[in-house]
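Novice: need a structure here:
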Amino acid sequence: MTALVIVLGVMLGLVVLVGLLVVGLYNSLVSLRNRYKNAFSQIDVQLKRRYDLIPNLVETAKGYLQHERETLEAVIRARNVAVSAANAAARDPGSASAVRGLASAEAGLGGALSRLLVVSEQYPDLKANQNMMQLTEELTSTENKIAFARQAYNDAVMAYNTRRERFPAVLFAGALGFDAAEPFEIDNVAERQAPRVSFART
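Specialist: I've put the predicted structure just below:
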């Protein structure tokens, strides 16, 4: 009888220990997941600011770039695709496919903006336009903020994924609904750079 009580006590102790371990892991993963979701919201704020600047930039350039209509339309199309992808990712930053879709859309937008800025360099009157200079300066500043926010997000994702993949969390994470998070990386190396903007008077 005493041996049975001891065995039951040991088993109960193990169950309680495992339960406490699972609760601790769960709380840790929730905290790390909330951290990367918050970090994504900082990216989202900066992306929205950039998306708001782009139509003004295109509108300002339109008067000078009458023969570059295709370039201007490409920027607007890329912006609209990026806005849709950003909205999808903002609704669920934990969705790997939504974050990959945003990264792809951002690569396309970065390429379109770079082409616009290269074309703009060929028009001295546009380069001297005060509104254009101010908008491109704001765009450059926003691009830098996006890069910092993206780095903070990727750091938070790495901390979450590392915790999720370590033992013993790896045994429970999937069953508890903690899927791997996707870092926000731009695929094309050339597009990792913020568009270079130089509208200084020459």
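Novice: Now do the phi/psi pair for Asn129.
Specialist: The phi/psi pair for Asn129 (degrees, to the nearest 10) reads phi -70, psi 120.
Novice: swap that for Leu65, please
Specialist: Summarising the backbone geometry of Leu65 under the convention degrees, to the nearest 10, its torsions are phi -110, psi 50.
Novice: State the pLDDT value of it.
Specialist: At Leu65, the model reports a pLDDT of 83.
Novice: quick one: contacts for it?
Specialist: Contact criterion CB atoms under 8 Å, 6 or more residues apart in numbering gives 71-72, 119-120, 123, 126 as the residues in contact with Leu65. Every C-beta, even on glycine, is put in place using the N, C-alpha and C of the backbone.
Novice: wouldn't Arg100 be in contact with Pro183 here?
Specialist: No: the criterion here is CB atoms under 8 Å, and Arg100 misses it with Pro183 at 9.7 Å.
Novice: if we can go back for a sec, out of the contacts of Leu65, which end up buried?
Specialist: Buried residues within the contacts of Leu65, defined by neighbour count using 16 or more other CB atoms under 10 Å: 71-72, 119-120, 126.
Novice: where does the residue nearest to Arg115 when sequence neighbours are not counted land in three-state SS?
Specialist: With CB to CB, 6 or more residues apart in numbering as the measure, Thr71 is the residue that lies nearest to Arg115, at 5.7 Å, once sequence neighbours are left out. Here Thr71 takes the helix state, with states given by DSSP: H, G, I helix; E, B strand; the rest coil.
Novice: Mind naming the longest helix for the protein?
Specialist: Using DSSP state H, we find that the single longest helix of the chain is helix 2-62.
Novice: pLDDT (mean, whole number) over that helix?
Specialist: 91.
Novice: for that helix, packing partners?
Specialist: Contacts of helix 2-62 with other secondary structure elements, assessed using 3 or more CB pairs under 8 Å, 6 or more residues apart in numbering; DSSP states H and E, are made with helix 69-91, helix 96-120, helix 130-165, helix 169-172.
Novice: deepest of the ones you listed, which one?
Specialist: Among the helices and strands packed on helix 2-62, ranked by average contacts under mean count of other CB atoms under 10 Å, first place goes to helix 96-120 (a mean of 20).
Novice: which strands and helices sit next to it?
Specialist: On a contact count with 3+ CB pairs under 8 Å, 6+ apart, helix 96-120 meets helix 2-62, helix 69-91, helix 130-165.
Novice: Alright, I will stop here.
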